[in-house]
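S.K.: Need a 3D model of the following:
(2 chains)
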Protein chains: 2
Amino acid sequence: MSVIVVGAGLAGLTTARRLVAAGHEVVVLEARDRVGGRVRGGELAGHPVEVGGTWLGEGHAMMYTLVEELGLATFRTWNDAGSVLLELGGRQSRLAPHKGATPRLNPFALADLAQGLLRFERMATRVDLERPWATPGARRLDGQTFESWIRRNLRTSAGRAYFHTACEAVFAADACDLSLLHALFYARSNADFETLLAVDHGAQQDRVVGGSVRVAEGLAASLGDRVRLGAVVRSVRQGADEVAVELRDGSRLTGERLVVAIPPTLAGRLDYDPLLPSWRDQLTQKLPAGSVVKAFAAYPTPFWRGEGLNGQAATDRGPVKVTFDVSPPDAEVGMLLGFIEGGDARHWVRLSARDRRRSFLDSLVRYFGPAAGDPIDYLEQDWTAEEFSRGCYGAHFAPGVWTAYGEALRPPVGRIHWAGAEYAVHWNGYMEGAVRSGEATADEVLRALA
Amino acid sequence: MSVIVVGAGLAGLTTARRLVAAGHEVVVLEARDRVGGRVRGGELAGHPVEVGGTWLGEGHAMMYTLVEELGLATFRTWNDAGSVLLELGGRQSRLAPHKGATPRLNPFALADLAQGLLRFERMATRVDLERPWATPGARRLDGQTFESWIRRNLRTSAGRAYFHTACEAVFAADACDLSLLHALFYARSNADFETLLAVDHGAQQDRVVGGSVRVAEGLAASLGDRVRLGAVVRSVRQGADEVAVELRDGSRLTGERLVVAIPPTLAGRLDYDPLLPSWRDQLTQKLPAGSVVKAFAAYPTPFWRGEGLNGQAATDRGPVKVTFDVSPPDAEVGMLLGFIEGGDARHWVRLSARDRRRSFLDSLVRYFGPAAGDPIDYLEQDWTAEEFSRGCYGAHFAPGVWTAYGEALRPPVGRIHWAGAEYAVHWNGYMEGAVRSGEATADEVLRALA
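M.R.: Numbering: from 1, shown residues only, chains lettered A, B, ... in the order given. Okay, here's the model as predicted:
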């Protein structure tokens, strides 16, 4: 019995692998000329970097298992021998890089921030992960923006700035774009807010040697010619006994089940016949992707390490508000990654190539000194401009969406099933979530085929 | 010089008419087998009714002119000899049907409501209609939901319920779906909140004899065979000297300019080559359509008129929260229209046909007595299920969208121009807005062709 999978990202590939293992005939249709989706490899100064999804974090059990199964290895994100640089309200401070560290702010700001984080975490523990809309007080939590909550609960400008920067770093969206319920759901789905921000024992703990794209490539290799690149699906037609997809080149495939493993905003653009139920279509109308650019600079050495810094910066002043040391394991060269997110990204991408590079490096110089202004290599990846992503990291839920449309997110529609990091109960939005969603969807398809 | 217009709603037809008058070659491609878009005619007990956009209101100058030019006539919405029925928190009251009437609530609720309305109107007067994102305090206004504002500013449950019902009636969306800035913009764009809700001197003042669809049909008739029905546009390709569209049937047309006069959520689903700028695509990812069903019941007579009621009800208890008397001018039969909106619509559309009808009539019986339970005809129109609308009345802006993406709404992209009620500065969301947008876009195209 045959299954068509649309999208060769981690979710689609994982789904396909499990279905193949169960003896089914599977074809994976990938619009791009590469696999991986929002996971993509790049090269900087001759070394592999991740221009898309990057890290494995504590609790990402399936990803670690997959890495091992595929004969790959991980290495720790550089986090030692230096401080995180924190810049809020124009004030720079350094803080020791262990989980739970709090910035050296004035006592009022510190108390404010600590209390805000505590309140947030306490609320997050009450979220129903399987059914966020069934969380106690869901309507109230979903009726307001995360921004409204920050304004009401954080009293100091430094406390608010910290939350704003953290929100952009975690969601690639501004705090006003998200409902409070979604912010809480996402934190809870990924253990807690602190884990999302942390390196050691956090979401940025490890990287895959050779780049995370190796995982996608390994999965694709095991699927062989079941994966078809450059196959852009345009329409889906469900019949009584089969489901047919039509590609942009006019060709047509049929299967017994279809797994749509592409981001919601793309899933909503396919032509479905019969139409998807209106509530499913309106859901995808309301799941926009975030705005993020990743940019990289390489240097002869990781010079910041010698200056007591670990390459991590977090600041409320754009365009680069978060940075990481992404040097290769042996630190042959020094490499810094910076995120440009939300409103900063929307402005930055309209600059000339020359101004983009300069603006990126200017930020790095502010954090790491003049040596950061003279890289040996530079690389950028604008995820909002990608036809087959339309933004990253993932979809975010505006106020009202979880409570009104959440129930329509995961259930299959006839022969059509859904997979992707957005559908994950645990580790939503991460590579781990994509893999878990793929496994869950494969199980769903297997039950349907049984 | 030739222009292709996508969409034969009022905006597309108006654009086309003006371009033809200026001597240009124009073709209008309409996906449906009828013109009018979100304006559509229906028949109830042998009389025409509007199952889509219905009323002309005070200030809708271009629509009144158009009606006259096309040899059509208007008649007043029935508003005399009876009271509006208001039901909040289970308490029914009747109020005299003139603009500015306030419900007979307890003094606390009344003061609360009056103060809330005053505050809202005062804020709305400060909105910059051309550039809502440039409104003083825009970030703060756009950072919160309309719901948050209601909760903070209305102290009584009756006051809140009034705002919630009014929001659903005006936007076909829940108060948590909208940013406060959008609610203010929309009220200001349509004179004020009271005008949006009012019949006499308000947005529901007049109807077109024969139905509003006559306006679209009249425009289309004047365009003759320039309007092609059943022409579903799939992709748009911009070249150096022309723009080409490909239809679902594989045929291809080229022109010098293209006007996309379909709702934003549909405009975002076309395949553009080259891709639209990322900020334009992300904008349409964030402009979902509202949820609304219109249902009608006809009776031998407008019996409610004899009982001191004018057929208008507003209540906080679903599924039908707002009703109007839509009897024909001579009142040969009595006809009631009810709106089912937002969350009520999403649940209601999943009921069986029989249960939908019953649930609709049950609401009418509650307002107008047992005679409402025995209609001679019934009609319903679910706008969320329409492939070429995907919801009604129009798009709404969630928090953060106006301030982050507002600038991308109206400017053309190369040879592609935009038109529709969502693009209007004045009377946004109404037939008047669609026509004004069409005129403005035609001017923009004429300047580009000059």
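
S.K.: Name the SS class of residue A:293, please.
M.R.: Classification of residue A:293 using DSSP: H, G, I helix; E, B strand; the rest coil returns strand.

S.K.: and the gap between it and chain B?
M.R.: Taking CB to the nearest CB, to the nearest Å as the measure, residue A:293 falls 10 Å from chain B. C-beta: built from backbone N, CA, C; applies to glycine.

S.K.: hang on, isn't that residue packed against residue A:385?
M.R.: No. Assessed by CB atoms under 8 Å, residue A:293 is found out of contact with residue A:385, at 9.0 Å.

S.K.: Identify the contacts common to those two.
M.R.: Residues touching both residue A:293 and residue A:385 (CB atoms under 8 Å, 6 or more residues apart in numbering or on different chains) are residue A:349.

S.K.: who has more neighbours, the two?
M.R.: Comparing residue A:293 with residue A:385 by neighbour count (other CB atoms under 10 Å in any protein chain shown), the higher total belongs to residue A:293, at 27 against 17.

S.K.: who does that one bridge with?
M.R.: Judged by DSSP bridges, the bridge partners of residue A:293 are residue A:340, residue A:382.

S.K.: For residue A:55, which non-adjacent residue is closest in space?
M.R.: Closest residue in space to residue A:55, ignoring its immediate chain neighbours: residue A:204 at 4.5 Å, by CB to CB, 6 or more residues apart in numbering or on different chains.

S.K.: any idea whether the residue nearest the centre of chain A is helix, strand or coil?
M.R.: In chain A, the centroid-proximal residue (CA atoms, centre = their mean) is residue A:393; its distance is 3.5 Å. Put simply, residue A:393 is coil when judged by three-state DSSP.

S.K.: So residue A:340 versus residue A:310, what's the distance?
M.R.: Applying CB to CB, to the nearest Å, the value for residue A:340 to residue A:310 is 21 Å.

S.K.: Could you measure from residue A:87 over to chain B?
M.R.: Applying CB to the nearest CB, the value for residue A:87 to chain B is 21 Å.

S.K.: which residues does that residue bridge with?
M.R.: As for beta bridges, residue A:87 partners with residue A:92, residue A:315 under DSSP bridges.

S.K.: and it, what is it in contact with?
M.R.: Listed by CB under 8 Å, 6+ apart, the contact set of residue A:87 reads A:93, A:313, A:314, A:315, A:316, A:317, A:366, A:367.

S.K.: buried ones in stretch A:368-378?
M.R.: Buried residues in stretch A:368-378, counted by 16 or more other CB atoms under 10 Å in any protein chain shown: A:368, A:371, A:372, A:375, A:377, A:378.

S.K.: Quick one: residues in contact with that stretch.
M.R.: The contact list for stretch A:368-378 (CB under 8 Å, 6+ apart) reads A:44-45, A:85, A:295-300, A:303-304, A:307, A:309, A:311, A:313, A:333, A:336, A:357, A:360-362, A:364-365.

S.K.: Kindly recompute the last result at 10 Å.
M.R.: Residues from elsewhere that reach stretch A:368-378 (CB atoms under 10 Å, 6 or more residues apart in numbering or on different chains): A:43-47, A:49, A:85, A:295-304, A:307, A:309, A:311, A:313, A:323, A:333-336, A:353, A:356-358, A:360-366.

S.K.: buried set for the least confident helix or strand in chain A by mean pLDDT?
M.R.: Within chain A, no helix or strand scores below strand A:91-95, which has a mean of 84 by mean pLDDT, DSSP states H and E. Residues of strand A:91-95 classed as buried: residue A:95 (neighbour count, 16+ other CB under 10 Å).

S.K.: so how far is that strand from its chain's centroid?
M.R.: Mean C-alpha position of strand A:91-95 versus that of the full chain (CA atoms, centre = their mean, to the nearest Å) differs by 27 Å.

S.K.: Tell me the buried residues in the helix or strand following it?
M.R.: Using DSSP states H and E, the helix or strand that directly follows strand A:91-95 along the chain is helix A:107-124. Buried residues in helix A:107-124, counted by 16+ other CB under 10 Å: A:109, A:110, A:112, A:113, A:116, A:117, A:120, A:123, A:124.

S.K.: Next, count neighbours for residue A:22.
M.R.: Counted with other CB under 10 Å, residues neighbouring residue A:22 total 16.

S.K.: which residue packs closest to it, ignoring adjacent ones?
M.R.: Leaving out its chain neighbours, the residue that sits closest to residue A:22 by CB to CB, 6+ apart is residue A:446, at 5.6 Å.
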